[in-house]
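Engineer: Just a sequence and a predicted model for now, questions to come.
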Amino acid sequence: FPLANVCVVKVDGTPYLCKADEVGEICVNSGATGMAYFGLLGITKNVFEAIPVTAAGVPVSDQPFRRTGLLGFVGPDYLVFVVGKLDGLMTVSGRRHNADDVVATALAVEPMKFVYRGRIAVFSVTVLHDDRIVLVAEQRPDASEEDSFQWMSRVLQAIDSIHQVGIYCLALVPANTLPKAPLGGIHISETKQRFLEGALHPCNVLMCPHTCVTNLPKPRQKQPDVGPASMIVGNLVAGKRIAQASGRDVTQLEDNDQARKFLYLADVLQWRAQTTPDHSLFLLLNSKGTVASTASCIQLHKRAERVAVALMEKGRLNVGDHVALVYPPGVDLIATFYGCLYAGCVPITVRPPHPQNLATTLPTVKMIVEVSKSACILTTQAIMKLLKSKEAATAVDIKTWPTILDTDDMPKKKLATIFRPTSPDMLAYLDFSVSTTGILAGVKMSHAATSALCRSIKLQCELYPSRQIAICLDPYCGLGFALWCLCSVYSGHQSILVPPLELESNVSLWLSAVSQYKVRVTFCSYSVMEMCTKGLGTQTDTLRMKGVNLSCVRTCMVVAEERPRITLTQSFSKLFKDLGLSARAVSTTFGCRVNVAICLQGTAGPDPTTVYVDMRALRHDRVRLVERGSPHSLPLMESGKILPGVKVIIAHTETKGPLGDSHLGEIWVSSPHNATGYYTVYGEEALHADHFTARLSFGDTQTIWARTGYLGFLRRTELTDASGERHDALYVVGSLDETLELRGMRYHPIDIETSVIRAHKSIAECAVFTWTNLLVVVVELEGSEQEALDLVALVTNVVLEEHYLIVGVVVIVDPGVIPINSRGEKQRMHLRDGFLADQLDPIYVAYNM
């Protein structure tokens, strides 16, 4: 071009001149170019006023040059060669690649057959501190699934062999769906934007993170373990206290006489039936909020007597026989429980099978009945018919049920003598529960442990006969069972029983009842809290008009066996603040198989505290406290206060030595209400022998502890507790059984799932598990099916960025596929079994390469 000067400058930073054989950006100085961008001063300065300089930093000309945005070099005879565009430049692992070259290679792979009108977009996205190449192509309308995968694998091979670079994501979209640029080409930046927002809607996708991502941090190498003794010495030298904490000392509390009298719950019920016969202990509400049934002390006592007579006369049972109680949540369940105690039998509460879903619910009932060695089943007439029905016969062998007695119309007979245990260590009841990892475990509760449990809860919640509490929990195991069946008889308070199932037809049932009865203390589960948050989100005004007022609630406790779900409890508090719910009311409890009630907020003591820990340190089993809002921070809320009589210590998971304050280890517990052992652990007996009789390997080696199987830490706070001492807070991080060992690090599924749910608005729920060293992510899609494949890349990206893990398989399913138990916990192992048995009926399964 006459009177024009052209030079080639380096792409990054100061515009230094390139060497003769270097590719750079072509710049032009000529009177025939534009002057500026209208109204864009900053970009104008950069593009229209570049001053190329020599290696010594001397300007080559006093005239400014214009940047062309083209890449090229100056060849022999001053010929200018253009090799590509600057905005198509991608730097992967320090090497530069040109998008146009990659497009050309992809088009050279059998071009006419597959790609629609040669429309291919190539761009890079930054994932985990490096550029990753994404290739999006429009496929011809008549292309088959087979064609597309064949083409994709050929393209990957071609680009790998010609450019020596891996493609991170290859996506195929239907013909004519990529955004067009004004001049008719593909609008690259718009395509990239859609890809990142999950709005590209591909019809086929292939991710290759395993081959592309080479800059993951090194896997963690386990160091040779420091012995427990050196750890203690180290803690002492560092001035750290051993992480040990306890609730109030029970022996110094006022009710010791009463505790001796109240050693057996059957005695307590008889005493209440004599002294306060008409005092109402239970009110059961139906879905309309009206009282469906009640039980006073004398009514409960008489019904229990009748049950005991039936067990002895009709059932011909002996002292010590096990009896399965299969009842819907209600007063019958409670009366038959005490009937078993009166007869000297050992009760086991079992959730009844679901009539519409016998195939999956009946085998669990059968298994509990068999594993618990029940000699008899007590139930209602309706459930008895169901257990013997034709439909039941397709799910289980109905001929092998033990004796089944229905308790609907029992003769009014008085019991000759009520059984009295010979020792408080005798078995009172068995508590069966299926863990989230799918293990059915029954624990033994002695009479001593049962009364100690009731006493601890009574003291922590200040329960007296004049009190009312509302319970919206399932009554079949753990703390839910204790609150529903045991505590009212022990403390004499009135329990308003709200079966969670009734909320399905009337979401506001529980909160309306709390308001109507002006309840100060109430218990619920996470599933109930979630139902209320989702179902009543828009109805707070209507509820206020109906007079629902929650200002009476002093404490609302979520009964849980997991890390507190802060997001849920906070949104619940925020939502119902409008109805007068105090911001301080909501807290969580913590219990597990070995001890169903370790922590419970109760009515006194400081509010639960929240700390923020570094998630990366947590993977290495370390606790690093950080400020709120710092990157990789994870909020952890204290799980209520440690109950009276309970001692907690944090032990090293491998050496079993005691750990210091704010160190992560397994939570061990010692208390008079610890269960006395597993009755059976169906499937893994040997593993659990030492769960109830663990001793520290160093330090206090005398105390017998039970291992909870949960990771957590204790931290001494600045607050004072009820006894005037400094308050020790217990933070639960998660169950050891659930953790995933990946790349030498320990991950908690919930942390990965939280990241995934945040990745796209259409992800309703998510669950992760491992399968032959691969991380499998199952996401429920709440939206149109064309969004399904958008999620594959987003899920892979977010897990790489936030957790440094490569997702092996992404499974996209319909809402409701991820199984959730009655406590609102995800059953990840059930899901894994379903995935391996090909029973999930997924919308799409992506195997990342």
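Structural biologist: Looks like it arrived, so ask away.

Engineer: Endpoints of stretch 79-93, how far apart?
Structural biologist: Criterion C-alpha to C-alpha, to the nearest Å; first-to-last residue distance in stretch 79-93 is 32 Å.

Engineer: centre of the chain versus it, how much separation?
Structural biologist: Per C-alpha atoms, centre = their mean, to the nearest Å, the displacement of stretch 79-93 from the mean C-alpha position of its chain is 46 Å.

Engineer: same deal with stretch 782-802?
Structural biologist: That offset, for stretch 782-802, works out to 19 Å (C-alpha atoms, centre = their mean).

Engineer: what's the answer for stretch 824-844, then?
Structural biologist: 15 Å.

Engineer: in it, what's buried?
Structural biologist: 824-832, 834-835, 840, 842-844 (16 or more other C-beta atoms under 10 Å). All C-beta spots, glycine's among them, are computed from the backbone N, C-alpha and C.

Engineer: Put the alpha carbons of that stretch into CSV.
Structural biologist: Output of stretch 824-844 as CSV, limited to C-alpha atoms (Å, rounded to 0.1, in the frame of the first residue of the first chain):
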residue,chain,number,x,y,z
GLY,A,824,-34.1,-35.7,54.8
GLU,A,825,-30.7,-37.3,54.1
LYS,A,826,-29.6,-38.3,50.6
GLN,A,827,-29.3,-42.1,50.2
ARG,A,828,-26.1,-42.0,48.0
MET,A,829,-25.4,-45.7,48.2
HIS,A,830,-29.0,-46.6,47.1
LEU,A,831,-28.4,-44.2,44.2
ARG,A,832,-25.1,-45.8,43.4
ASP,A,833,-26.7,-49.2,43.3
GLY,A,834,-29.5,-47.9,41.1
PHE,A,835,-26.9,-46.4,38.7
LEU,A,836,-24.9,-49.6,38.5
ALA,A,837,-28.0,-51.7,38.0
ASP,A,838,-29.1,-49.2,35.2
GLN,A,839,-32.4,-48.4,37.0
LEU,A,840,-32.2,-44.6,37.0
ASP,A,841,-33.8,-44.0,33.6
PRO,A,842,-31.5,-41.0,33.0
ILE,A,843,-32.1,-38.2,30.5
TYR,A,844,-28.4,-38.3,29.6
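
Engineer: Name the surrounding residues that touch it.
Structural biologist: If you take C-beta atoms under 8 Å, 6 or more residues apart in numbering as the criterion, stretch 824-844 is touched by 436-438, 525-530, 561-562, 738, 749, 753, 767-769, 771, 776, 778, 781, 785, 788-789, 792, 811-814, 817-821.

Engineer: Please apply the same query to stretch 402-412.
Structural biologist: Stretch 402-412 has contacts (C-beta under 8 Å, 6+ apart) with 306-307, 309-311, 314-315, 324, 332, 335-336, 369, 374-381, 384, 387-388.

Engineer: sorry, back to before: go through the buried residues of stretch 824-844 and name the one nearest Pro658.
Structural biologist: Glu825 (29.5 Å; C-beta to C-beta).

Engineer: ok, so of the buried residues of stretch 824-844, who is nearest Pro202?
Structural biologist: For these, the nearest to Pro202 is Tyr844 (10.3 Å; C-beta to C-beta).

Engineer: where does that closest one sit relative to Gln786, distance-wise?
Structural biologist: 11 Å (C-beta to C-beta, to the nearest Å).

Engineer: Would you mind listing where the stretch 1-150 of the chain has pLDDT under the threshold?
Structural biologist: Applying pLDDT under 70 to the stretch 1-150 of the chain flags the ranges 1, 111-112.

Engineer: residue boundaries of the strands in it?
Structural biologist: Taking DSSP state E, counting those that start in this stretch, the strands of the stretch 1-150 of the chain run over residues 5-9, 24-29, 66-74, 80-85, 89-92, 95-98, 115-127, 130-139.

Engineer: Just give me the residue closest to the centre of the protein.
Structural biologist: Ile750 (3.7 Å; C-alpha atoms, centre = their mean).

Engineer: can I assume that residue sits in a helix?
Structural biologist: Yes - per DSSP: H, G, I helix; E, B strand; the rest coil, Ile750 lies within a helix segment.

Engineer: what residues are up against it?
Structural biologist: The contact partners of Ile750, taken as C-beta under 8 Å, 6+ apart, are Glu562, Arg563, Gly734.

Engineer: got CSV for those residues, with distance to His632, neighbour count and pLDDT too?
Structural biologist: Below are the contacts of Ile750 laid out as CSV (distance: C-beta to C-beta, whole Å; neighbours: other C-beta atoms under 10 Å; pLDDT from 0 to 100):
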residue, distance to His632, neighbour count, pLDDT
Glu562, 21, 24, 93
Arg563, 17, 23, 94
Gly734, 17, 19, 95
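
Engineer: So which of these belong to strands?
Structural biologist: Gly734 (DSSP state E).

Engineer: So, low pLDDT: which residues of the protein?
Structural biologist: In the chain, residues with pLDDT under 70: 1, 111-112, 223-240, 252-259, 681-689, 722.

Engineer: helix or strand right after the longest helix along the chain?
Structural biologist: Ranked by residue count and defined by DSSP state H, the top helix of the chain is helix 145-163. Downstream of helix 145-163, the next assigned helix or strand under DSSP states H and E is strand 167-174.

Engineer: And the strands in the stretch 551-700 of the chain?
Structural biologist: 555-558, 586-588, 610-614, 625-626, 633-637, 647-651, 665-670, 677-682.

Engineer: Among the contacts of stretch 824-844, name the buried ones.
Structural biologist: 436-438, 525-530, 561-562, 738, 749, 753, 767-769, 776, 778, 781, 788-789, 792, 811-813, 817-821.

Engineer: how about JSON lines for the contacts of Ile750, with distance to Ala694 added?
Structural biologist: Formatted as JSON lines, these follow (distance: C-beta to C-beta, whole Å):
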{"residue": "Glu562", "distance to Ala694": "22"}
{"residue": "Arg563", "distance to Ala694": "22"}
{"residue": "Gly734", "distance to Ala694": "20"}
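
Engineer: how's the chain carved up into domains?
Structural biologist: Domain segmentation of the chain under the TED database yields 5-78, 88-212, 263-506, 604-738, 741-847.

Engineer: so which of these comes closest to Asp249?
Structural biologist: Short answer: domain 604-738, nearest of the domains of the chain by C-beta to C-beta, at 7.5 Å.

Engineer: helices or strands next to whichever strand in the chain runs longest in the packing?
Structural biologist: The longest strand of the chain (DSSP E) is strand 706-720. Using 3 or more C-beta pairs under 8 Å, 6 or more residues apart in numbering; DSSP states H and E, the elements in contact with strand 706-720 are strand 647-651, strand 665-670, strand 726-735.

Engineer: Just the contacts of stretch 824-844: which are in helices?
Structural biologist: Tyr526, Ser527, Val528, Met529, Glu530, Pro749, Glu753, Val792.
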